[in-house]
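Enquirer: quick one, structure for this:
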Amino acid sequence: MAAKTRSLPARMIIFVFKAILWFLLITVLWVLLYRFVPPPITATMALDENGSGRNWMALSEMDRAMPIAVIAAEDGNFCLHDGFDYEAIQQAWEERQAGTRRRGGSTISQQTAKNVFLWQGGGWFRKGLEAYFTVLIEFLWDKPRIMEVYLNVAETGIGTYGANAGAQRYFGHDASRLSDMQAAQIAAVLPDPKTRDATRPGSWTAGYANRLVGRMQQVRASPLDDCI
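Expert: Next up is the predicted model:
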């Protein structure tokens, strides 16, 4: 009888083990699928009461000013790190502990993992899943694909997702032809797309976009954009 029936702890261990295996299999296949197929929708888009207008554009068709602008704005070490910028994370932590200006330490890879596979908001559980999916996309995708997906799912305005939809919303043309200032204006909106506007920016957003144009020249003159 003892040989035929397992104890409750043993059954629980087997159940947890199988659940972990299924989780790993499903998530790896999910990430691998999006290596080749555009994500049809994200949780953020599905929950956005303002809609989710977007128009997918391949990175090869997008003006190069756009990825350079987001590298300058969001993640200067995008081409150099393995998904995590440990120095930026440490700096963000120290600023938060000191109660000074709060900045994010998330890389473009981390933001892509969150935007595509998870939901907005904090919490250690979500952060843990974000780290897991970041490792997966860094391993299963290449840097151009990470940048391409990021630039197509990031929120660029109220009910607007992706740089291409943002360019059409703000400038009346697609993202295949952007000036440095236009790309910088879109990048300046990314941290707070529901309150910032690229064509009617507040003084801080306008100043930030101007500073980004200068940083974009520094990115071009360095190896910081070599991976794209």
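
Enquirer: and the longest helix anywhere in the chain, what other elements does it pack with?
Expert: As assigned by DSSP state H, the longest helix anywhere in the chain is helix 8-34. If you count contacts as 3 or more CB pairs under 8 Å, 6 or more residues apart in numbering; DSSP states H and E, helix 8-34 packs onto helix 108-117, helix 124-140. Quick note: C-beta positions are derived from backbone N, CA and C, even for glycine.

Enquirer: could you pull out the strands for this protein?
Expert: Here the chain has its strands, by DSSP state E, at 155-157, 160-161.

Enquirer: need the contact partners of the first one.
Expert: Pointing back at strand 155-157 there. 44, 161-163, 165-166, 169-170, 186, 189-190, 193-194, 197-198 (CB atoms under 8 Å, 6 or more residues apart in numbering).

Enquirer: which of the residues you listed lies closest to Pro144?
Expert: Ala163 (14.4 Å; CB to CB).

Enquirer: and that closest one, how many neighbours?
Expert: By the measure other CB atoms under 10 Å, the count of residues near Ala163 is 31.

Enquirer: please apply the same query to the one 4 residues further on.
Expert: Look at Ala167: counted by other CB under 10 Å, it has 28 neighbours.

Enquirer: name the nearest residue to it, ignoring sequence neighbours.
Expert: Closest residue in space to Ala167, ignoring its immediate chain neighbours: Ala175 at 4.2 Å, by CB to CB, 6 or more residues apart in numbering.

Enquirer: which pLDDT value belongs to that neighbour?
Expert: Note on Ala175: pLDDT of 97.

Enquirer: give the contact list for it.
Expert: By CB under 8 Å, 6+ apart, the contact set of Ala175 is Met57, Met62, Asp63, Met66, Leu151, Ala163, Asn164, Gly166, Ala167.

Enquirer: over to Ile89?
Expert: Gly105.

Enquirer: please tell me how far it sits from Leu129.
Expert: Distance, Ile89 to Leu129, by CB to CB, to the nearest Å: 17 Å.

Enquirer: same question for Tyr150.
Expert: Distance from Tyr150 to Leu129, by CB to CB: 18 Å.

Enquirer: with neighbour numbers in mind, choose between the two.
Expert: Tyr150 (27 against 17).

Enquirer: just give me the neighbour total for the closest residue to that one other than its chain neighbours.
Expert: Leaving aside its chain neighbours, Tyr150 sits nearest to Thr112 (4.4 Å; criterion: CB to CB, 6+ apart). Thr112 is flanked by 30 other residues according to other CB under 10 Å.

Enquirer: check what pLDDT Thr112 gets.
Expert: Note on Thr112: pLDDT of 98.

Enquirer: ok, Thr57 - contacts?
Expert: Careful, residue 57 is Met; it's not Thr. Contacts of Met57 by CB under 8 Å, 6+ apart are Leu151, Asn152, Gly162, Ala163, Asn164, Asp174, Ala175, Ser176.

Enquirer: which ones among these lie within helices?
Expert: Leu151, Asn152, Ala163, Asn164.
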